[in-house]
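In: A structural model of the following input is requested.
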Amino acid sequence: MKLSRRLVPDITTLQAFECAARHGSFTQAAAELNLTQSAVSRQIKDLEGQIGVLLFERVRQRVILSDAGQKFLPEVRRLLTQSEELMVRAMASARSESTLSIASLPTFGSRWLTPRLPDFLKRHPGTVINIASRSQPFDFEEQNFDLAIHYGQPVWAHATCSYLCSEIIVPVANPALCEQHPMKEPGELEDKPLLHLATRPKMWAQWFEHNGGEMKSAYRGNRFDQFSMVIEAAAAGLGFALLPRYLIEQELASGHLRVVFDRPMQTENSYYLVVPEGKLENPISQAFRGWITAQVG
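Out: Predicted structure coming up:
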């Protein structure tokens, strides 16, 4: 696709706009960018002329964004961030044989994937890996990843989902809490402190139902928005938690967490490898998919 050079924005002009919008001042923007106030003013004027709208309004000694400027600012920040990320990736991979950009679920990436990566890199020397946390599906056309690790259903626009593994959760707690509240049956958790993952509020209710009963207290307790936080809360003795076994291998082995009832439950969703259209034949991506599949096997 041939781009119209007249419509391609100048990065330095966009930087001046973003900086002036953040400070509400051309003078402070000039100081941050090591320019003169007149240079910043001229860049803003050129940008306004290019797009045909006023981006700032003058109010007393300040400049504030116009309605058009407020709509324009988020897109400018996104473009500047992408430009910076592009340069960082290019610099990081300048002397590497290949690069692989992976979008991973946060706790999966930190607790399961990262400790295993030395084995992959040993098998593929010269590879540079970029990993970023993503909790929800995104548009691969807007975010340049070679693949993603997804929990849910095998549905992702303009991409192919391949089954990786199921998820098995177990009830766990700090050993001291287990000794403080000895139990023989799941129903005894009725009045105990429960920990919840905010994005999956029904897990305890589903686990109780899976084990033959309903609990009115299944939704009671502290909530956290990441599994990593739930793990730390459970290890600190804040309550009983339902956690995937694969995320707490170290805590179970070290004794920082203990399985309260050996009654595992498979959750309704699974983990998938997601590859965008056009990147299915990427050699290093194919190698990683084969490697990670063997790791969970």
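In: now the helices for the stretch 51-200 of the chain?
Out: For the stretch 51-200 of the chain, the helices defined by DSSP state H, counting those that start in this stretch cover 67-92, 106-107, 114-123, 175-180.
In: how about those helices in TSV, adding mean pLDDT and mean neighbour count?
Out: C-beta here means a position set from N, CA and C on the backbone, and glycine is covered the same way. Converted to TSV, the helices of the stretch 51-200 of the chain look like this (pLDDT from 0 to 100; neighbours: other CB atoms under 10 Å):
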stretch	mean pLDDT	mean neighbour count
helix 67-92	85	13
helix 106-107	94	18
helix 114-123	96	12
helix 175-180	95	14
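In: Pull the contacting residues for the nearest residue to residue 144 once chain neighbours are set aside.
Out: Distances taken as CB to CB, 6 or more residues apart in numbering place residue 101 nearest to residue 144, at 6.4 Å, with adjacent residues excluded. By CB atoms under 8 Å, 6 or more residues apart in numbering, the residues touching residue 101 are 89, 129-132, 144-146.
In: Stretch 224-243: how far from the chain's middle?
Out: Remark: stretch 224-243 is offset 19 Å from the chain centroid, using CA atoms, centre = their mean, to the nearest Å.
In: which residues are in contact with that stretch?
Out: Against stretch 224-243 from outside (CB under 8 Å, 6+ apart): 106-107, 110-111, 169-174, 176-177, 189, 192-199, 203-204, 207, 221-222, 244, 247-248, 251, 256-257, 260, 265.
In: Looking at the contacts of residue 101, which are in strands?
Out: Here DSSP state E is the test, and the contacts of residue 101 give 129-132 as lying in strands.
In: Mind giving me the ChimeraX select for those, buried ones only?
Out: Buried residues within the ones in strands among the contacts of residue 101, by 16 or more other CB atoms under 10 Å, are selected in ChimeraX with:
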select :129,130,131
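In: closest to residue 81 among the ones in strands among the contacts of residue 101?
Out: Residue 81 has its nearest neighbour among those in residue 132, at 12.0 Å by CB to CB.
In: Need the three-state assignment for residue 284.
Out: Secondary structure, DSSP: H, G, I helix; E, B strand; the rest coil: residue 284 is helix.
In: Make TSV out of the contacts of residue 101 and add distance to residue 31.
Out: Converted to TSV, these look like this (distance: CB to CB, whole Å):
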residue	distance to residue 31
89	30
129	39
130	34
131	36
132	32
144	34
145	37
146	40
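In: State the pLDDT value of the residue lying farthest from the centre of the chain.
Out: Each residue of the chain has a distance to the centre, and by CA atoms, centre = their mean the biggest one is for residue 60: 41.8 Å. On pLDDT, residue 60 comes in at 76.
In: Make JSON lines out of the helices of the stretch 51-200 of the chain and add distance to residue 281.
Out: Output for these, formatted as JSON lines (distance: least, CB to CB, whole Å):
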{"stretch": "helix 67-92", "distance to residue 281": "21"}
{"stretch": "helix 106-107", "distance to residue 281": "29"}
{"stretch": "helix 114-123", "distance to residue 281": "19"}
{"stretch": "helix 175-180", "distance to residue 281": "50"}
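In: for the host helix or strand of residue 266, which positions count as buried?
Out: Residue 266 is part of strand 265-276, with elements assigned from DSSP states H and E. Using 16+ other CB under 10 Å as the test for burial, strand 265-276 gives 265, 267, 270-276.
In: picking up where we left off before, and which of the contacts of residue 101 is nearest to residue 19?
Out: Among these, residue 89 lies closest to residue 19 (CB to CB), at 23.9 Å.
In: which of the ones in strands among the contacts of residue 101 sit farthest apart?
Out: Of all pairs in the ones in strands among the contacts of residue 101, the most separated under CB to CB is 129 and 132 at 10.7 Å.
In: what's the overlap in contacts for those two?
Out: Listed contacts common to residue 129 and residue 132 are 101-102; contacts here mean CB under 8 Å, 6+ apart.
In: closest to residue 39 among the buried residues of strand 265-276?
Out: Once CB to CB is applied, the member of the buried residues of strand 265-276 that ends up nearest residue 39 is residue 276, at 40.9 Å.
In: ok, how many other residues are close to the residue lying closest to that closest one once chain neighbours are set aside?
Out: Counting by CB to CB, 6+ apart, the nearest residue to residue 276 once its immediate chain neighbours are dropped is residue 140, at 3.7 Å. When neighbours are counted by other CB atoms under 10 Å, residue 140 registers 22.
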